[in-house]
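# Build me a model:
(one chain, ligands or ions: 1)
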Amino acid sequence: MTPEATALLLQGGEELGLDLVPHVEAFTRLLALLQEGAAQTNLTALRDERDIVLKHFVDSLTCLRGGWLDRDGRVLDLGTGAGFPALPLAIVRPELRLVPVDATAKKIAFVTRTAAALGLENVTPLTARAETLGRDPEHRGRYDRVVTRAVASLPALAELALPLLRAGGVLVAQKGPISAEELDAGRLAATEVGGEVRAVDAFALPVLGEARTLVIVEKTATTPERYPRREGVPARKPLFWRAT
Ligand SMILES: C[S@@+](CC[C@H](N)C(=O)[O-])C[C@H]1O[C@@H](n2cnc3c(N)ncnc32)[C@H](O)[C@@H]1O
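Numbering: from 1, shown residues only. You can find the predicted model right below:
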């Protein structure tokens, strides 16, 4: 990693209250593996070091805001793609047991290789759709936290994530700016599937200042058996929301 990119990583961490100095080596290796992987397959649109450091690494770590992931536990990353936020979280929070999940086997193959190369023993990647896991007794109701970044609308995320959480578990949804309409639909959807929106944290991405939102949904009741609906339906026909 160039000295400039390292400085941005440390500055981003500092703005989040994180000392990333002990993790520079791990992030340097992650950056190299990501650039290598991106050259071979269509893993990520970001190629530039500065973009990867700020928009993947630092952005992923913003889900630590508010302390929702401060306790150890099982954390499912829904729609992890090339491993975000799961891999940065696994580096910085070794006490978390992370299960990065994605529907695309090629992406999970990359996450598996990368976690092994980085020696991250707290990462167990899984190729699956969230809808399938949500109906599987080995996964339904088994997670303390679900994190997710840039995957779907809030009502769709509520339907996909809440079935996976134990009672009292929490969804930490990382999004860009969110409209009042999406948030309203998300609140209704959360209630429908057994949850409640606990916090909406609008903030600026460190260094770049872009708008981001963390939406926190707590599982407060049992999810009705009919949720999640079948594959593709939660995103195509989100509850209480007419996607544009
Ligand atoms: C835009 S990418 C975001 C990837 C990553 N979270 C990030 O922030 O870089 C969305 C990912 O979610 C996955 N995905 C979407 N819906 C899913 C579902 N229902 N179950 C599992 N994976 C899903 C897609 O395969 C894709 O890799």
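
# what's across from residue 77 in the sheet?
With DSSP bridges as the criterion, residue 77 is bridged to residue 100, residue 147.

# Who are the contact partners of the most centrally placed residue in the chain?
The centre of the chain sits closest to residue 148, judged by Cα atoms, centre = their mean, with a distance of 2.8 Å. Residue 148 is in contact with 77-79, 157, 161, 171-174, counting by Cβ atoms under 8 Å, 6 or more residues apart in numbering. For glycine as for every other residue, the C-beta is placed from the backbone atoms N, C-alpha and C.

# Swap in 7 Å and give it another go.
Residue 148 is in contact with 77-79, 157, 161, 173-174, counting by Cβ atoms under 7 Å, 6 or more residues apart in numbering.

# Over to residue 238?
Residues near residue 238 by Cβ under 7 Å, 6+ apart: 153, 155-156, 185, 189.

# Doesn't it lie inside a strand?
No. Assessed with DSSP: H, G, I helix; E, B strand; the rest coil, residue 238 is coil; it does not lie in a strand.

# Are the longest helix belonging to the chain and the ligand in contact anywhere?
Longest helix in the chain, counting residues (DSSP state H): helix 24-40. No. Applying Cβ under 6 Å from any ligand atom, one finds helix 24-40 separated from the ligand by no less than 10.5 Å.

# Show me what counts as buried in that helix.
Using 16 or more other Cβ atoms under 10 Å as the test for burial, helix 24-40 gives 26-27, 29-31, 33-35, 37-38.

# Tell me the first helix or strand C-terminal of that helix.
With elements assigned by DSSP states H and E, the helix or strand that comes after helix 24-40 is helix 49-51.

# now for that next one, which elements pack on it?
helix 3-15 (3 or more Cβ pairs under 7 Å, 6 or more residues apart in numbering; DSSP states H and E).

# Show residues contacting the helix it packs on.
Outside helix 3-15, the residues that reach it (Cβ under 7 Å, 6+ apart) are 19-21, 24, 27, 49-50, 53-54, 57-58, 61, 206-207.

# One more: stretch 16-34?
Around stretch 16-34, the neighbours that count as contacts under Cβ under 7 Å, 6+ apart are 1, 6, 9-10, 13, 44, 49, 52, 57, 61-62, 64-65, 82, 87, 91-92, 114, 117-118, 206.

# residues from the chain in reach of the ligand?
Near the ligand, when you scan the chain using Cβ under 6 Å from any ligand atom, you find 79-81, 84, 101-104, 107, 129-131, 149-151, 160.

# now, which of the residues you listed sits nearest residue 138?
residue 101 (12.8 Å; Cβ to Cβ).

# got a pLDDT number for that closest one?
Looking at residue 101, its pLDDT reads 98.

# nearest spatial neighbour of it, skipping sequence neighbours?
Distance criterion Cβ to Cβ, 6 or more residues apart in numbering; nearest residue to residue 101, sequence neighbours excluded, is residue 126 at 4.9 Å.
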